[in-house]
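A.B. asks: Here is a sequence together with a model predicted from it:
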Amino acid sequence: MNSRFILCAGALLALAACGGGNDNPNSVALSGTTTAGSSAMLIEGDPAGTFGESFIGSDGNGVMLIENDDLRPAAAYYEVKGNAVRRVPAAGSALEVRAVPGSAVPVKVKAITLADLAGSHMAINRDNTVAGFTVSADGAVSAGSAKCGLTGSIQRTSSIVGALPLTVTLNGCGTADGTYQGYAIKAGEYAPAAFRIVGENGVSFIDMLAFR
């Protein structure tokens, strides 16, 4: 399953800049400026990994996912809100992170609607837990027959192309149990998965691929 997260190399997509000192262990200072779009790039300065995927909306808000050297699912989750960047889980000390110039390429996201997501799915989380759920035409998420289930809702609109905001609760999923806020993301590189679910709760995060 590791190949589903393989990144490309290309031109740099700059991210939110947090100027000056950085003494909040949850905060991350990223070099560059906020640019709307989706990109995969090499990064420096985060011990979790050297690869990143970012999904930033027209309002400057979004998410960046840091991945391990062996390209497994994300090892850290950055919540980006304009010039404020918060890391989950906390690193224990403030980080100065930058995208390597010349290393990034756009992620080929696809248009996403609730109609695209409607139906029954099985999703594999980053810890290999398998969850079952169903998405209705209005974005309601209900648990399936699997022991690990998802409930919640997916919004109809978003400032991020290829991503819809969501809130989901995992139940019966072991240490992953909890409520998370994040996004449903649709991109060609996730095939044969229908879409990717990422979200955080301030302490931990989920990174799931959903299959029909």
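C.D. replies: Okay, I see it.
A.B. asks: show me what contacts Ala184?
C.D. replies: By CB atoms under 8 Å, 6 or more residues apart in numbering, Ala184 lies in contact with 112, 117, 154, 163-164, 166, 195-197, 210. C-beta here means a position set from N, CA and C on the backbone, and glycine is covered the same way.
A.B. asks: what separates stretch 167-180 from the chain centre, distance-wise?
C.D. replies: On the basis of CA atoms, centre = their mean, to the nearest Å, the separation between the geometric centre of stretch 167-180 and that of its chain is 16 Å.
A.B. asks: Extract the residue ranges of this protein that are flagged as low pLDDT.
C.D. replies: Scanning the chain for pLDDT under 70 picks out 1-26, 32-34, 69-72.
A.B. asks: how does it look with 50?
C.D. replies: 1-22, 33 (pLDDT under 50).
A.B. asks: domain assignment for it?
C.D. replies: Following the assignment in automatic domain parsing, the chain carries domains at 2-106, 114-211.
A.B. asks: What segments of the protein are helices?
C.D. replies: Counting by DSSP state H, one finds helices in the chain at the ranges 114-117.
A.B. asks: from the contacts of Ala184, which is closest to Ala94?
C.D. replies: Ala163 (27.6 Å; CB to CB).
A.B. asks: Quick check, that closest one in contact with Tyr190.
C.D. replies: No: under the criterion of CB atoms under 8 Å, Ala163 lies out of contact with Tyr190, with a separation of 11.9 Å.
A.B. asks: what about the closest residue to Arg212 other than its chain neighbours, how many neighbours?
C.D. replies: By the measure of CB to CB, 6 or more residues apart in numbering, the closest residue to Arg212 outside its immediate chain neighbours is Ala194, 5.4 Å from it. Summarising burial for Ala194: neighbours were counted as other CB atoms under 10 Å, giving 18.
A.B. asks: So for Ala163 and Tyr190, which residue has more residues nearby?
C.D. replies: Each of Ala163 and Tyr190 had its neighbours counted (other CB under 10 Å), and the higher figure belongs to Ala163 (25 against 20).
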